[in-house]
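>>> Need a 3D model of the following:
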Amino acid sequence: MEGDNRIDAIDRIILHKLSLYQSLDLVELWYELGEDDALKECVTREELSSRLESLMVQGLVERVEKSEGEIHWVLKGS
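Next up is the predicted model:
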């Protein structure tokens, strides 16, 4: 996935979940992906983390530090 600037179905679902919830941490987003009926394959937390990093490099999402160092992911510009 690294260096891959294409948006696939899983990336689109990630972006959709972030648009619905505004801000999610990695575990919350991972749980949301696991509950999505449109997602037929299992996504590991490590893969999700890698995808979020890739989406951040592409300028689509950003990492926001909340209170007590908690990291949340949001759509860029949200």
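>>> Below-threshold pLDDT in this structure: ranges please.
Residues of the chain that meet the criterion pLDDT under 70 lie in 1-5, 78.
>>> make it 80
1-6, 37-41, 77-78 (pLDDT under 80).
>>> just the strands in the protein please.
24-25, 61-65, 71-75 (DSSP state E).
>>> Same list (those strands) but as a markdown table, adding distance to L55 and mean neighbour count.
To be clear about C-beta, it is placed using only N, CA and C from the backbone, and glycine gets the same treatment. Putting those into a markdown table (distance: least, C-beta to C-beta, whole Å; neighbours: other C-beta atoms under 10 Å) gives the following:
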| stretch | distance to L55 | mean neighbour count |
| --- | --- | --- |
| strand 24-25 | 13 | 16 |
| strand 61-65 | 5 | 14 |
| strand 71-75 | 8 | 17 |
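>>> do you know which of those lies nearest G34?
Minimum separation from G34 across those (C-beta to C-beta) falls at strand 24-25, 12.8 Å.
>>> Provide the strand pairings for the closest one, with the direction of each partner.
Next to strand 24-25 in the sheet, as set by DSSP bridges, lie strand 71-75 (antiparallel).
>>> Residues in contact with the strand it pairs with: which ones?
15, 18-19, 22-26, 29, 52, 60-66 (C-beta atoms under 8 Å, 6 or more residues apart in numbering).
>>> ok, now stretch 16-29?
Contacts of stretch 16-29 (C-beta under 8 Å, 6+ apart): 14, 32-33, 36, 45, 48-49, 52, 61, 64, 66, 70-75, 78.
>>> about what we covered before: distance to E41 for the strands of the chain - can I get that in a markdown table?
Putting the strands of the chain into a markdown table (distance: least, C-beta to C-beta, whole Å) gives the following:
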| stretch | distance to E41 |
| --- | --- |
| strand 24-25 | 20 |
| strand 61-65 | 21 |
| strand 71-75 | 20 |
